[in-house]
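Novice: A predicted structure for the sequence below; I have some questions about it.
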Amino acid sequence: MSATRRGLAVRLGGWSTRHRKTAIIGWLLFVVVVAVVGGMSGINEMTNSQNGSGDSARAEKILEDAGLKAPAGEMVMVRSAEPDGWRDAAGDLVARLEKTGEAERIQRPVRSESGREGLISFEMKGDADTAGDRVKPVLDAVKQTGAAHEGVTLYEFGDASFAHSLDGILSGDMKTAELTAVPLALGILLVVFGALVAALLPVFLALTACVGTFGLLALASHELPLYSSTNSVMFLVGLAVGVDYCLFYLRRERDERAAGRDAETALRIAAATSGRAVLVSGITVMMAMAGMFLSGLLLFKGFAVATILVVFTSMLGSVTVLPAMLSWLGDRIDAGRVPLLNRRRKKGVHASGGISGRLMKPVLAKPGLFAVLAGALLLALCAPALGMKTEQLGMEKQFGKDSKLTVAFTEITESFPGGPAPAEVVVRADDLSSPRFQGAVTDLRKKLAASGEFGKNVEVELHKDEGVARIEVPLAGNGSNATSKHALRTLKDDIVPQVLGPVSEKAYVSGELASSIDFNDQLNSDIAPVFLFIAAVTFLLMLVCFRSLPIAIVSILLNLLSVGAAYGTMTAVFQHGWGAETLGMEPAGAIEGWMPLFVLVILFGLSMDYHVFVVSRIREAHERGLPTREAIRDGIRSTAGSITGAAAIMVAVFGVFALLQMQDMQQMGVGLAVAVLVDATLVRMVLLPSVMALLGERNWYLPRALAWLPTLNHGGHDQEPLSPAAPSHQPPVSIGR
């Protein structure tokens with residue numbers, strides 16, 4: 001093959017094998033340098049206004065511009081069996097809180113209607129962002145007070161205690177995910193390759209790609225602030241994609257060597273076929289992820305940057321460092337063999353596609369029947385998604401009704417409605433001390449009391465120098481139910497515009513519930529343009545890659561079925577509760593607001609891994625002269641082992657996230673794991689071959705108007721006649737010389 005016809009993957013692989021030391025050492029230096037520099041720069045996390053949308057974000061922006069950072073508020077409810085039996089414990093608690101040196105502005109206890117509860121409110125000293133790190137003495141004081149007073153129960157909830165608990169949960173969950181996902185991936189690769197070195201290589205490259213991306217992401221955060229969980233999302237995608245790309249490349253090289261090709265030819269074929277598929281897949285994934293930039297939310301723009309960076313880094317490592325390592329290792333890649341897992345067929349090729357080969361016979365014999373059956377089953381999996389309800393999950397739904405945080409929040413809310421999660425009215429006015437404005441605040445209090453939808457403890461903070469007022473309004477209900485939502489609408493649509501509108505420049509309503517509703521409304525308006533962008537980009541890339549209009553259309557439809565299966569499964573388990581108890585999970589009654597858009601983008605991207613890999617192999621076989629139906633059989637059988645291993649790794653990685661404590665992480669893990677499992681089995685092994693068999697030679701139809709599209713080589717012409725297998729421990733080789 002002439003140099004002009006060599007694909008980019010072959011040229012990259014050729015350069016890497018000719019400059020092994022440069023490629024390998026350069027990669028390691030790159031990872032170390034960006035990780036160190038990124039770590040030194042730190043990560044710039046988004047502010048409350050940047051993480052929000054609508055009026056609630058505008059309210060937060062007013063406070064931030066005025067330099068008014070709300071202190072970390074805390075509250076402790078003291079309960080006794082008899083009315084006012086809690087007062088001694090409350091006095092003791094106040095004294096203990098003062099001794100900690102961390103609490104200030106401790107308020108007198110507020111008595112509940114029953115008289116059996118008293119609520120003590122206070123604020124944490126210092127920066128609210130670090131209050132969670134300093135709240136431990138306060139937590140100890142509450143615990144000690146409870147132990148010193150028999151018959152009294154204490155419940156604490158607030159910004160600092162919440163942050164402290166959340167940090168503990170997140171750090172524990174992420175540590176669990178990292179310590180579990182990597183050994184699982186390594187174990188699956190050991191089964192796939194039957195050799196320790198071959199199994200370690202993809203994990204090594206995937207982890208170094210993630211480490212390097214951590215550094216790049218930290219640097220990027222100073223231009224685009226990130227959400228706190230962005231690194232977790234990046235690691236989830238990076239580990240799955242990085243291992244899969246290396247697996248595809250390495251498996252093809254091993255199969256070619258096992259078939260008797262010399263080392264140089266095997267590497268060149270792997271670069272021209274799997275390497276090319278990795279490039280196409282990586283570009284498709286990155287383009288799909290770019291769809292999140294169309295979202296009006298900074299959260300998704302950060303997710304887009306993180307996933308694009310880690311996919312690009314993983315792709316680059318797979319087509320450069322991996323061939324360099326394979327060239328250097330030679331047959332030592334099979335070192336550390338596990339005898340029972342390293343069997344080869346008598347003909348000399350890896351045992352691959354046994355089950356898929358048996359499955360292909362009936363599928364290709366009756367493609368219409370199997371297309372209908374597979375399609376019906378997928379539509380059944382999608383059906384529950386028609387009733388999907390989304391919201392930003394509140395405390396009880398996010399952490400479970402039995403968690404300590406949820407219990408404290410629920411108990412305080414029942415006795416003092418709106419206390420832990422009040423609405424916040426932010427007002428900007430020229431003169432807060434004017435009689436007109438003061439009169440409006442008085443009228444506001446009266447209207448709130450008369451409506452019956454709000455709590456008694458309305459707190460007003462006037463920052464006269466900044467011209468900003470903060471008014472906390474407790475909402476009826478538990479802070480997230482229909483009662484609270486109705487109260488919020490009354491406050492936002494009626495009371496604030498009527499009373500504060502005439503005396504202010506701007507008046508917006510914020511708070512947890514308002515932020516959740518605004519965020520969800522923005523997401524609902526974002527998903528359509530993001531989907532249209534992703535579908536259009538995927539269609540065009542598949543059209544250019546395979547020069548086939550039917551293949552491009554089928555790619556979109558199959559991806560939609562995979563996404564629909566994920567939506568349906570999440571809705572069935574976490575909204576309707578079907579099988580949740582069996583899985584050890586607690587249904588939330590709704591899907592986390594950002595989940596549908598995130599899952600759509602991730603699955604549309606990741607599904608292309610399998611799709612490009614399988615269809616490329618089918619097209620490759622067709623270009624060698626096989627009829628379409630035989631090419632389908634050959635392509636499915638030859639990729640079955642790689643697809644099974646790659647899918648198993650992704651399912652394992654995503655499945656780990658399904659076992660974490662946070663409800664949104666569980667939803668993401670279950671949705672992605674089920675979708676990948678369905679995509680790699682039912683979609684790619686049954687529906688795709690049956691549909692392609694029905695289309696026959698029409699699979700490769702391209703309208704004359706599109707004949708100008710470039711013709712991309714799928715590697716089918718790169719396979720030279722078989723030569724005797726090279727001896728073990730052959731000297732290093734290079735390709736593309």
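Specialist: Structure's in. What do you need? Numbers count the residues shown, from 1 in each chain.

Novice: after the helix or strand containing Phe604, next one along is what?
Specialist: According to DSSP states H and E, Phe604 maps onto helix 595-623. Going down the chain from helix 595-623, the next helix or strand is helix 628-658, by DSSP H and E.

Novice: what residues sit buried inside that next one?
Specialist: Residues of helix 628-658 classed as buried: 628-629, 631-658 (neighbour count, 16 or more other Cβ atoms under 10 Å). No exception for glycine: its C-beta is placed from N, CA and C like everyone else's.

Novice: point to the residue nearest the middle of the chain.
Specialist: Centroid-nearest residue in the chain, with Cα atoms, centre = their mean: Val233, separated by 4.3 Å.

Novice: show me what the helix or strand harbouring that residue is packed against.
Specialist: For Val233, the element it lies in under DSSP H and E is helix 230-258. Counting contacts by 3 or more Cβ pairs under 8 Å, 6 or more residues apart in numbering; DSSP states H and E, helix 230-258 is packed against helix 159-193, helix 196-220, helix 263-270, helix 276-290, helix 298-319, helix 321-329, helix 595-623, helix 628-658.

Novice: mind putting the ones you listed in a markdown table, mean pLDDT included?
Specialist: A markdown table is the format used below for those (pLDDT from 0 to 100):
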| stretch | mean pLDDT |
| --- | --- |
| helix 159-193 | 81 |
| helix 196-220 | 92 |
| helix 263-270 | 86 |
| helix 276-290 | 86 |
| helix 298-319 | 92 |
| helix 321-329 | 91 |
| helix 595-623 | 84 |
| helix 628-658 | 85 |
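
Novice: what separation do you get for Met287 and Phe539?
Specialist: 11 Å (Cβ to Cβ, to the nearest Å).

Novice: contacting residues for His19?
Specialist: Neighbouring residues of His19 by Cβ atoms under 8 Å, 6 or more residues apart in numbering: Ala324.

Novice: switch to 6 Å and redo it
Specialist: Shown in contact with His19 (Cβ atoms under 6 Å, 6 or more residues apart in numbering): no residues.

Novice: ok, it to Tyr155 distance?
Specialist: Taking Cβ to Cβ, one finds His19 at 64 Å from Tyr155.

Novice: if we can go back for a sec, packing partners of the helix holding Phe604?
Specialist: Helices and strands touching helix 595-623, by 3 or more Cβ pairs under 6 Å, 6 or more residues apart in numbering; DSSP states H and E, are helix 276-290, helix 512-546, helix 549-570, helix 628-658, helix 663-678.

Novice: out of those helices, nearest to His222?
Specialist: Counting by Cβ to Cβ, His222 lies closest to helix 276-290 out of these; the figure is 20.6 Å.

Novice: now that closest one and helix 321-329, what's the angle there?
Specialist: Between helix 276-290 and helix 321-329, the angle comes out at 150 degrees (axes from the mean of the first three to the mean of the last three Cα atoms, to 10 degrees).

Novice: show me what helix 276-290 is packed up against.
Specialist: helix 298-319, helix 512-546, helix 595-623.

Novice: quick one: the longest one to helix 595-623, angle?
Specialist: Put simply, helix 512-546 runs at 10 degrees to helix 595-623, going by the same axes, to 10 degrees.

Novice: can you mark which positions in helix 512-546 are buried?
Specialist: Buried residues in helix 512-546 (16+ other Cβ under 10 Å): 512-520, 522-523, 526-527, 530-531, 533-535, 537-538, 541-543, 545-546.

Novice: likewise for stretch 130-149?
Specialist: By 16+ other Cβ under 10 Å, the buried positions in stretch 130-149 come out as Ala131, Gly132, Arg134, Val135, Val138, Leu139, Ala141, Val142, Thr145, Gly146, His149.

Novice: tell me the angle whichever helix or strand the fifth one is part of makes with helix 159-193.
Specialist: I take that to be Val138. Using DSSP H and E, Val138 falls within helix 136-148. Counting by the same axes, to 10 degrees, helix 136-148 lies at 110 degrees to helix 159-193.

Novice: which residues does the helix or strand hosting Val427 contact?
Specialist: Assigned by DSSP H and E, Val427 belongs to strand 423-428. Contacts to strand 423-428, defined as Cβ under 6 Å, 6+ apart, come from residues 59, 62, 467-473, 475, 488, 491, 496, 500, 504-511.

Novice: cool, stretch 139-154 as well?
Specialist: Under Cβ under 6 Å, 6+ apart, the answer for stretch 139-154 is Val76, Val78, Arg79, Ser80, Trp86, Ala89, Asp92, Leu93, Arg96, Leu97, Thr100, Glu156.

Novice: returning to what we had before: need the helices and strands packed on helix 276-290 in CSV (columns: distance to Ala449).
Specialist: As requested, the helices and strands packed on helix 276-290 are arranged in CSV below (distance: least, Cβ to Cβ, whole Å):
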stretch, distance to Ala449
helix 298-319, 37
helix 512-546, 20
helix 595-623, 39
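
Novice: which stretch among those helices comes nearest Ser53?
Specialist: Nearest of these (Cβ to Cβ): helix 512-546, 3.9 Å.

Novice: so for that closest one, what's the average pLDDT?
Specialist: For helix 512-546, mean pLDDT rounds to 86.

Novice: other SSEs contacting it?
Specialist: helix 54-65, helix 276-290, helix 482-489, helix 549-570, helix 595-623.
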